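S.K.: need a structure here:
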Amino acid sequence: MPSFSIPLTGLEADSTALNTIGNNLSNLNTTAFKKQDTEFQDLFYQQLGVSGSNDPLLAGMGTGVAAISSDFSQGSLTTTSNATDMALNGNGFFIVQQNGVQELTRAGNFSLDNSGKLITADGQQVMGYPVTNGAVDTNAPLAAINIPVGAVEQAQSTKNIALITNLDSSSATGTQFATTMTMYDSLGTAHSATVSFTKTSPTQWSYSINLPGSDYSGSAINNTGTLTFDSNGKLTSPSSNISGIQFTNLTDGASDLNFHWNLYGSPGNPLVMQSASSSTVSQTNQDGFAAGQYQGFSVDASGVISAQFDNGQTENIGQIAVATVNNNQGLQRLGDNNYTATTGSGQASIGVAGLGGRGSIQDDALEASNVDISTEFANLIVAQRAFEANSKTVTTFDTIAQETINLIR
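M.R.: Sure thing, here's the model as predicted:
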């Protein structure tokens, strides 16, 4: 009897809608959860005949669930104090992997395992681009992000020095001016180098770079010379940076200190000049440093992860990969906040945050569920009333059927 089957389809569809709403409400506090909505469609129609104007007489046979769509709108971002927490601000998904199987997620509530790998709450590895020779290689295959917890950064010997200097053109011949700067050898030992200038003529100053005598027992090579300026105070000689300054046989057993003095910056402008102002060094730079212990890490908006060390240095260790698909609705939900691409969604396009329509990454933050409790309660009332109406239809048909049977009796 079709009278009973029609409201039964409504009860089944309404039950699905109630389950969907219940699932949304149960995930109200699930990180980066995307709510779902149940969409209905009418079922096929039975033709009972035609009207006098030859229009078909059609009787509906009920309703069914056409789709359960997902709302991928942005959830609110909440700041946390956990460096491993990340949120995507905009389109895209993090890429996670376990046992060679890659999946997608919006949930950035990551943590570190005992080997320093960045993992999801259920142990999947967070994937990204590795670093080659100090730079992120976005052409390399994706690899698990590994944070160097407990690592020690090796000391780096000074290879280049630079001093932004003005020498007083009004000073008398024989006037001396000196400044000191810290340099490092291959063992990370700091050395206080003295750079001295002596005026030898109106347009020339001699220079010397020296270390304390107790710091080395060998020779000082190419550490002296002459600077020549034109009538405008511009350095003309040397016309290029000075290479091959050396101090040999360092007393701490480190390798010979061998460095360049960069007299010119970019694009070729002299860093040393002569003018009527007092002699001064406004800035010194050198690229050496002592060994450093790992302190923590940070992530920028493009997903580049930088480790910080207690020697003041930072080191790029990878870049978080972000994936997008042509049709988010085609993604298959896997549970555990994860999705996988299907033929309906299209193949995942993998790149870096901030490019190709991908959102940016916010460190120390999490994306909240986009479930709105007031909306869900309103939907719950509507679904409940629809379920009750279909239930009432069933009881009405039952009463009619009983009365019909009684008439037969």
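S.K.: please count neighbours and contacts with C-alpha atoms only from this point.
M.R.: OK.
S.K.: assign a three-state SS to T375, would you?
M.R.: Judged by DSSP: H, G, I helix; E, B strand; the rest coil, the three-state class of T375 is helix.
S.K.: check contacts around it.
M.R.: Contact analysis of T375 by CA atoms under 8 Å, 6 or more residues apart in numbering lists nothing.
S.K.: distance of it from V65?
M.R.: As judged by CA to CA, to the nearest Å, T375 and V65 stand 20 Å apart.
S.K.: who does Y216 bridge with?
M.R.: L250 (DSSP bridges).
S.K.: that one: neighbour count?
M.R.: 19 (other CA atoms under 10 Å).
S.K.: over to the one 4 residues further on?
M.R.: Neighbours of A220 under the rule other CA under 10 Å: 17.
S.K.: does the nearest residue to Q286 once chain neighbours are set aside sit in a helix, a strand or a coil?
M.R.: Spatial nearest neighbour of Q286, excluding adjacent residues (CA to CA, 6 or more residues apart in numbering): I161 at 4.4 Å. Classification of I161 using three-state DSSP returns strand.
S.K.: and if you look at the one 10 residues further on?
M.R.: At S171 the chain is in coil, as set by three-state DSSP.
S.K.: and V126, what helix or strand is that in?
M.R.: For V126, the host element (DSSP states H and E) is strand 125-129.
S.K.: off-centre distance for that strand?
M.R.: Computed by CA atoms, centre = their mean, to the nearest Å, the chain-centroid distance of strand 125-129 equals 11 Å.
S.K.: touching whichever helix or strand comes after that strand from outside, list them.
M.R.: Moving toward the C-terminus from strand 125-129, the next helix or strand (DSSP H and E) is strand 131-132. Applying CA under 8 Å, 6+ apart, the contact partners of strand 131-132 are 137, 316-318.
S.K.: parallel or antiparallel, list what pairs with strand 131-132.
M.R.: Counting by DSSP bridges, the strands paired with strand 131-132 are strand 135-136 (antiparallel).
S.K.: pLDDT on the partner strand, on average?
M.R.: For strand 135-136, mean pLDDT is 94.
S.K.: contacts for that strand?
M.R.: Contacts of strand 135-136 (CA under 8 Å, 6+ apart): 129-130, 316-319.
S.K.: which two from those residues end up farthest apart in space?
M.R.: Spatially, the most separated pair among these is Y129 and N316, at 11.0 Å (CA to CA).
S.K.: all helices of the stretch 301-409 of the chain, in order?
M.R.: Using DSSP state H, counting those that start in this stretch, the helices of the stretch 301-409 of the chain run over 373-408.
S.K.: give me the low-pLDDT residue ranges for it?
M.R.: The model of the stretch 301-409 of the chain has pLDDT under 70 over residues 394, 397-398, 400-401, 403-404, 409.
S.K.: neighbour count for Y129 and N316, which is higher?
M.R.: Taking other CA under 10 Å, Y129 and N316 do not tie; Y129 has more neighbours (24 against 20).
S.K.: hmm, that one is touching I317, no?
M.R.: No: if you go by CA atoms under 8 Å, Y129 and I317 don't touch, sitting 9.0 Å apart.
S.K.: shared neighbours of those two, anything?
M.R.: Counting by CA under 8 Å, 6+ apart, the contacts common to Y129 and I317 are 136, 145.
S.K.: show me where the stretch 101-250 of the chain has its helices.
M.R.: Using DSSP H, counting those that start in this stretch, helices in the stretch 101-250 of the chain do not occur.
S.K.: most neighbours among the contacts of strand 131-132, which one is it?
M.R.: Compared across the contacts of strand 131-132, G318 has the highest neighbour count, 28 neighbours, by other CA under 10 Å.
S.K.: and it, how far from T179?
M.R.: From G318 to T179 the distance is 39 Å (CA to CA).
S.K.: for Y339, same thing?
M.R.: 61 Å.
S.K.: in the protein, where is pLDDT below threshold?
M.R.: 1-3, 44-47, 58-60, 394, 397-398, 400-401, 403-404, 409.
S.K.: and it, what are its domain boundaries?
M.R.: Annotated domains of the chain cover 2-72+370-408, 77-153+293-367, 160-286 [automatic domain parsing].
S.K.: just name the most buried of those.
M.R.: Most buried of the domains of the chain, by mean neighbour count (mean count of other CA atoms under 10 Å): domain 77-153+293-367, with a mean of 19.
S.K.: centre-most residue in this protein?
M.R.: G303 (2.1 Å; CA atoms, centre = their mean).
S.K.: who's in contact with that one?
M.R.: Taking CA under 8 Å, 6+ apart, we find G303 in contact with 319-321, 352-353, 360-361.
S.K.: ok, these vs G268, which is closest?
M.R.: Closest to G268 out of these is Q319 (33.0 Å), distances taken as CA to CA.
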